[in-house]
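# Predicted coordinates and the sequence they were generated for:
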Amino acid sequence: MKLRYIKQSAFFFVVRLSAAVIGASIAGFVIYLAVKGAGVISWSFLTEHPRDMMTKGGIMPAILGTFYLTLGAVVIALPMGIVSAIYLSEYAKQGPIIRIIRIGVNCLAGVPSIIFGLFGLSLFVVFLGFGSCILSGSLTLGFLILPTIIGASEEALKSVPQTFREASLALGVSKWQTIYRIVLPNALPGILTGSILGIGRAAGETAPIMFTSAAFFTGKLPQSIFDEVMALPYHIYVLATAGTRIEQTRPIQFGTILVLMALVLGIDLIAIVIRSRFRRKKRW
Amino acid sequence: MTRTTKELAIKRLFLFFALLSLFILGIIIIFLFYEGLPIFQAISPLDFLFGVEWYPTYDPPNFGIGALIIGSFVVTVFSTIIAVPLGVLSAVYIAEIAPLFVKELFKPVIELLAGLPSVVLGFFGMAILAPWLQETFDLPTGLNILNASIMLAFMAVPTICSISEDALYSVPKEFKEASYALGATKYETIARVTMPAALSGITTAVILGMARAIGETMVVLMVAGGATAVPESIFDSVRPMPASIAAEMAEAPFRSQHYHALFATGIVLFLLSLGFNLVADYISNRFKEVGSATL
């Protein structure tokens, strides 16, 4: 009898220990990088161009570049994703077409990010002749986050009770009007959450933009969508690996890490807050 | 336009957009093969896959990605060994043991880890973990299999944890209640009832975690070390496939053999991760959790 409870205590100890290891390492990890980076952050770091072979100055072009790339990815993926999700959740009937589309979306979600990079290089940069630029990078990132947005939007649409649709249809409202006036507004917070998580992913990805849009250094800010840009994740990568002055630029690396982390985790946090507020306010 | 034709037009338009994902997957495959297949005019597929000499810039060059494939598998397997116990047990903690307020706190933390950019993890492995490993184990370099596996495990843990957790939640309450009613302890219920009932979900979680690790680029690019030899210990450097593609693509002359070889490596990587995802999809569909109604 007693042995059973000793076993239970031992198991619970191991379980709690695993959770503690994960929690502590994440906390330690984020806090360490934040503390190291905090000393570097200043107004001039955020608003100036890099100087002296990138060993001094700020990271403003990289912040701006990441902003453009992410914005482009959202403009491309958001409408496509939401419309696909509406079809899958509202119009599609069970059958082979749906099954195939679903497998396709799942497979697209599982494609490694470096493969998106290769694909962007061969299609946008080379085949369509855009060259390495914001447009190529945004398209690549947009395709990368498309499955995330489809998945989240579909789930949000499915969580709207069937009775809402039936009530609307019973009043003689057409299917599209029902979707537009009833289903979409109710699913909006869920769609928003998923999309914001997708945005966070797009902002933090490095591999897809390496060959499609990111530059080691640009003298001036991009003038059009056909210009190369600097980007935060790529900036970290090149400073930490390819530069000849890796140790000298270490403070800039920590500063850039903090800016990127604050950006991505901030975006994710907004999504988490929207979701939990929405869950509390849910009327059904 | 009448109402019906408008409705029909909207439906058609939406179907078109839904098919776009499939279309994108299609053109990814087409372009990978279009740029990758030309290498097989220079080397046979068997020599490409199983050759362990990767000297793309030598004269004559050698394009055997065997060592790169081994590198990918080694870091994936070791990261899985680290990530599975941590991820699954954390899921058990969240789903079964944690008090409510800890749960509310712990779940967002795991989600934040999932959202952490991989370049940040790579940087951490490179700048902090590598010097520490080098000193502690007295190694020539801290950029090795062990380091890459630890950092990859951090990428896989959120995937494994959140999917396992969903699987544990979906086990019907009646199962646990029946077990308690028979006098089983909480541990016995978790170990012999809840976990076995959630096994297919947990398996899916592990496979998707492995898929994430094998496809991850920045971590292995920055911390795996980059050696193209077949590794002999976990302190050796390796060059997994994504790292090779990312590191060499910028230097490979356009449409050279090297360029095509890197795309062909991309094909192998793509097919591997596709395999992982399809297996996960199959398991989660085939072995759906048994509901109480089916018993």
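Cool, got the structure. Numbers count the residues shown, from 1 in each chain, chains lettered A, B, ... in the order given.
# for residue B:234, phi and psi?
When read as degrees, to the nearest 10, the backbone of residue B:234 gives phi -70, psi 0.
# how many neighbours does it have?
15 (other CB atoms under 10 Å in any protein chain shown). Just so you know, the C-beta spots here come from the backbone N, C-alpha and C atoms, and that holds for glycine as well.
# hey, where'd the helices end up in chain B?
Per DSSP state H, chain B has helices spanning B:3-36, B:45-50, B:66-92, B:100-115, B:118-124, B:130-136, B:145-169, B:173-181, B:186-189, B:195-197, B:199-215, B:218-223, B:241-248, B:257-286. These are given in chain order.
# mind checking how far the longest one is from the chain centre?
Its chain's C-alpha centre and that of helix B:3-36 lie 27 Å apart, by CA atoms, centre = their mean, to the nearest Å.
# swap in the fourth one?
If you compare the mean C-alpha spot of helix B:100-115 with that of the full chain, they lie 21 Å apart, counting by CA atoms, centre = their mean.
# Residue ranges of each domain in chain B, please.
Structural domains assigned to chain B are B:3-41, B:45-294, following automatic domain parsing.
# Same list (those) but as JSON lines, adding distance to residue A:233.
Shown next, in JSON lines, are the domains of chain B (distance: least, CB to CB, whole Å):
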{"stretch": "domain B:3-41", "distance to residue A:233": "22"}
{"stretch": "domain B:45-294", "distance to residue A:233": "4"}
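# Go through those and name the closest to chain A.
Counting by CB to the nearest CB, chain A lies closest to domain B:45-294 out of the domains of chain B; the figure is 2.8 Å.
# could you give me the average pLDDT of the closest one?
On average, the pLDDT along domain B:45-294 is 90.
# what's the answer for stretch A:72-83, then?
For stretch A:72-83, the per-residue pLDDT averages 93.
# How is residue A:54 assigned, secondary-structure-wise?
Look at residue A:54: counting by DSSP: H, G, I helix; E, B strand; the rest coil, its state is coil.
# Contact residues of the stretch 51-200 of chain B facing chain A?
Counting by CB under 8 Å from any CB of the partner chain, the residues of the stretch 51-200 of chain B lying close to chain A are B:85-86, B:89-90, B:92-94, B:97-98, B:106, B:108-113, B:115-120, B:122-124, B:126-128, B:154, B:157, B:161, B:185-188, B:190-191.
# Stretch A:228-243 vs chain B: in contact?
Yes. Interface with chain B: stretch A:228-243 contributes A:233, A:234, A:236, A:237, A:240, A:241 (CB under 8 Å from any CB).
# As a check, name the ranges of all strands in the stretch 1-150 of chain A.
A:50-51, A:56-57 (DSSP state E, counting those that start in this stretch).
# Quick check: which of those strands is nearest to chain B?
Using CB to the nearest CB as the criterion, the shortest distance between chain B and the strands of the stretch 1-150 of chain A is 17.7 Å, found for strand A:50-51.
# where does chain A have low pLDDT?
Across chain A, the ranges flagged by pLDDT under 70 are A:1, A:243-244, A:282-284.
# List the contacts of the most centrally placed residue in it.
Here the mean C-alpha position of chain A is nearest to the C-alpha of residue A:201 (CA atoms, centre = their mean), at a distance of 1.8 Å. Counting by CB atoms under 8 Å, 6 or more residues apart in numbering or on different chains, residue A:201 makes contact with A:144, A:145, A:148, B:115.
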